[in-house]
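A.B. asks: Output the structure for:
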Amino acid sequence: MSRPDRLEIEAAGHLGHVYVSTRPAGPAGGEGAGPAVVLIHGIGVSHRYLSRLHGLLAESVDTYSIDLPGFGATPRPEHTLSVANHATFILGALEQLGVLEFVLVGHSMGTQFAIEAALQQPGRISQLVLMGPVVDAKRRTVAQQALALGRDSLFFESPSSNALVFTDYLRCGPTWYLKTLRVMMGYATEQKIARVSAPVLVVRGANDPVASAGWCSRLAAQAAQGQLLEIEGTGHVVQHNRSVEVAGAILDFAGIRRTAGEAPQGRPA
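C.D. replies: As a prediction, this is how the structure comes out:
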């Protein structure tokens, strides 16, 4: 699979980047392969830590990864964006690209953007996948979140996932990160998910101290149609360290025919 094309998209008054991998039309191509899959990053980072997952999914289905305004190499907006603002950008950018129905996959704070998008335009999102969702309702302080993230990076992440995350944090910068952090901490994920009509798959690394087992179980239970999948041997950045298992789980959950890859090795819960 070739490298995805990068498109600069302006939507809802903001500029972002969309990384696109589309399959050729025809019997083995994109037509009939199922809805597209869209990947959304979390706070401070970019599409880069989603690239392994993107590549695997793109073998079977049209795949889009988005760098939201203010993250990666995109320009900083003049004011702090709410979760709803980010969701509006995602929906608008995809509409411009003609992607009207899709599976939406978010990681960490990206799960908040994904939930909000599913609430804004529920008819467009066929399934919702939440990887390492935040913020645990029993860990509502910045100090608790920072401690969990520190434990994760020290004990449960690979050198490559740490390198991707920390270099993106440097690109993001402390000012924009902290502004966005306040938005993340104020979003009531556990209340919002109850209003989502699409089927929801919650995915966590079994060692993830940020998205705890109890928290993820509660989110899956509060969704109208919720499932939980735990993947052994990894922490918060599950989609990078266990990309084969996560890709397989997404495709199976969405009912998308796989043309390559292996069956997921996670432990359903």
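
A.B. asks: For the stretch 101-250 of the chain, just list every one of the helices.
C.D. replies: With DSSP state H, counting those that start in this stretch, the ranges of helices along the stretch 101-250 of the chain come out as 109-120, 142-155, 159-172, 174-185, 189-192, 213-222, 238-241, 243-254.

A.B. asks: Let me have those in TSV, extended by distance to residue 38, mean pLDDT and mean neighbour count.
C.D. replies: C-beta: built from backbone N, CA, C; applies to glycine. Converted to TSV, the helices of the stretch 101-250 of the chain look like this (distance: least, C-beta to C-beta, whole Å; pLDDT from 0 to 100; neighbours: other C-beta atoms under 10 Å):
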stretch	distance to residue 38	mean pLDDT	mean neighbour count
helix 109-120	9	98	26
helix 142-155	25	95	15
helix 159-172	19	97	16
helix 174-185	20	97	16
helix 189-192	19	96	16
helix 213-222	20	97	18
helix 238-241	13	98	26
helix 243-254	11	97	22
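
A.B. asks: Please identify which of these is closest to residue 69.
C.D. replies: Residue 69 lies closest, by C-beta to C-beta, to one member of the helices of the stretch 101-250 of the chain: helix 174-185, at 9.9 Å.

A.B. asks: what does that closest one rub up against?
C.D. replies: Residues outside helix 174-185 that contact it (C-beta atoms under 8 Å, 6 or more residues apart in numbering): 43-44, 70-71, 76, 80-83, 109, 112, 134-135, 140, 142, 145, 169.

A.B. asks: re the thing from before, residue 202: which of the helices of the stretch 101-250 of the chain is closest?
C.D. replies: helix 213-222 (4.5 Å).
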